[in-house]
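In: what follows is a predicted protein model with its sequence.
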Amino acid sequence: MEGGLEGGSLSSLRSMEELTAHREQSSTEAETLTAQRQELRKELRRRSRQGDTMAAGEVKQRISTLSGRIRAARKEVVLCDGIAQR
């Protein structure tokens, strides 16, 4: 996730509005990526049924990459929620 915690973006947030905006952006990103991953899972099932193991492997790699990005986006949401409660 670009600009995530690793990029120090949470430490640069100065107001509650910025925090809320960042949380919403991260939440939207997680939802979008989840939808993309679901489509890739459907594609994986199609490729597997067709016996195209080479393409199925590529799709699995893309799913794995998206899963990592989803995990990071969800972590940002949880961190924002924790900050907002303080």
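Out: Nice, thanks for sending it over. Please read these numbers as outputs of a predicted model, since none were measured by experiment. Numbers count the residues shown, from 1 in each chain.
In: C-alpha from now on. contacts and neighbour counts both.
Out: Will do.
In: which residue sits closest to the most centrally placed residue in the chain, ignoring its sequence neighbours?
Out: With distances taken as CA atoms, centre = their mean, the residue of the chain nearest its centroid is Ile70 (2.1 Å). Counting by CA to CA, 6 or more residues apart in numbering, Ile70 lies nearest to Ala30, which is 5.1 Å off, once chain neighbours are set aside.
In: list the residues that contact the one you found.
Out: When contacts are counted by CA atoms under 8 Å, 6 or more residues apart in numbering, Ala30 touches 69-71, 73-74.
In: likewise Thr34?
Out: 66-67, 70.
In: gap between the helix or strand that contains it and the chain center?
Out: Applying DSSP states H and E as the criterion places Thr34 in helix 16-50. Between the centre of helix 16-50 and the centre of its chain there are 6 Å (CA atoms, centre = their mean, to the nearest Å).
In: swap in stretch 74-83?
Out: Relative to its parent chain, stretch 74-83 has a centroid offset of 13 Å by CA atoms, centre = their mean.
In: and it, average pLDDT?
Out: Mean pLDDT, computed over stretch 74-83, is 95.
In: now do stretch 12-28
Out: Average pLDDT, stretch 12-28: 90.
In: for ChimeraX, write a command that selects the buried ones of the contacts of Ala30.
Out: Remark: buried members of these, expressed as a ChimeraX selection using 16 or more other CA atoms under 10 Å:
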select :69,70,73,74
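In: and the contacts of Ala30, which is closest to Val59?
Out: Arg69 (15.4 Å; CA to CA).
In: what score does that closest one have for pLDDT?
Out: Arg69 carries a pLDDT score of 98 in this model.
In: alright, calling it a day.
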